[in-house]
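J.: here's a sequence, model it:
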Amino acid sequence: MEATNIIRDAVTRVSALRQSAIDDPALANALSAVKRLQARRFAGTYADLLQSEQYRPAATFFLQELYSEKDYTLRDAQFARIASGLERLFPQQVVQTAVSMAHLHHLTEELDLAMAQSWLSHGALGEAARYVAAWRTVGRPADRELQLATVLEVGQELDRLTRTPGLRMMLKMMRGPARMMGLSALQQFLESGFDTFAAMGRKGDGARYFLGTVREREAGLIGRLFALDAVACETEISQILGQAR
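T.: Numbers count the residues shown, from 1 in each chain. I've put the predicted structure just below:
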């Protein structure tokens, strides 16, 4: 039952963090602004992959499911509702993916909320400068590295799922029951992730290249945001955002 408890605890913590923003309209607006900017930043950083026939589906999946301003409340609630059945109904690989997602959403929501609180205190700055200032004020480099490691872990686990015999058929057979149980958002995430990584896997070493590219670019950006002077960081973020327009 360890996986069940981990998932439910993470969802409970995420719900509490979201509620704290809902209770403060200014903070809620700042949180939305931070999430929108981060989605644009991802789109700019991976503009080449988003334009690539081979890697567009994977980059889009990461953008929509891991780096978006999308409201994940429904899917998280569905993870919590089915948590007790995951270990009975699914292979261990699926259970581990759900646990990794739970960890990722909790850490991401915590960091985003801290960014939003700092965002409010830097209102006189321009968009890129404000983001850099908020990032540096929040700090927590170890948590940023853990966040990236967990994103990559989710990707690696989805890639491994594509090599689990019979899993795609199992997911297909679950569509009806998932819809009846109100688990459509969770079902859609699992199918989309599976199909995205399966398609890359059919084209040689695509998944490894994609995840390696994410690791290299994200780790590099994290390092520069903490190490370079603020002006250089602001210039880089401005250029990246410009590529996403």
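
J.: using the three-state scheme, assign Glu69.
T.: The local conformation at Glu69, judged by DSSP: H, G, I helix; E, B strand; the rest coil, is coil.

J.: three-state assignment of the closest residue in space to it that isn't next to it in sequence?
T.: Distances taken as Cβ to Cβ, 6 or more residues apart in numbering put Lys35 closest to Glu69, at 3.6 Å, once the chain neighbours are dropped. C-beta here means a position set from N, CA and C on the backbone, and glycine is covered the same way. What three-state DSSP gives for Lys35 is helix.

J.: wouldn't Lys35 be in contact with Asp112 here?
T.: Yes: taking Cβ atoms under 8 Å as the definition, Lys35 is a contact partner of Asp112 at 6.1 Å.

J.: find the centremost residue of this structure, please.
T.: Against the mean C-alpha coordinate of the chain, by Cα atoms, centre = their mean, the closest residue is Leu66 at 2.0 Å.

J.: flag the shaky bits of this structure, pLDDT-wise.
T.: Scanning the chain for pLDDT under 70 picks out 1, 74-91, 167, 174-175, 177-186, 203-204, 245.

J.: what's the single longest helix in the chain?
T.: helix 92-120 (DSSP state H).

J.: next, the residue with the largest distance to the centre of the chain: phi, psi?
T.: Distance from the C-alpha centroid of the chain peaks at Ala124, with 28.9 Å (Cα atoms, centre = their mean). Main-chain torsions, Ala124, degrees, to the nearest 10: phi -80, psi -10.
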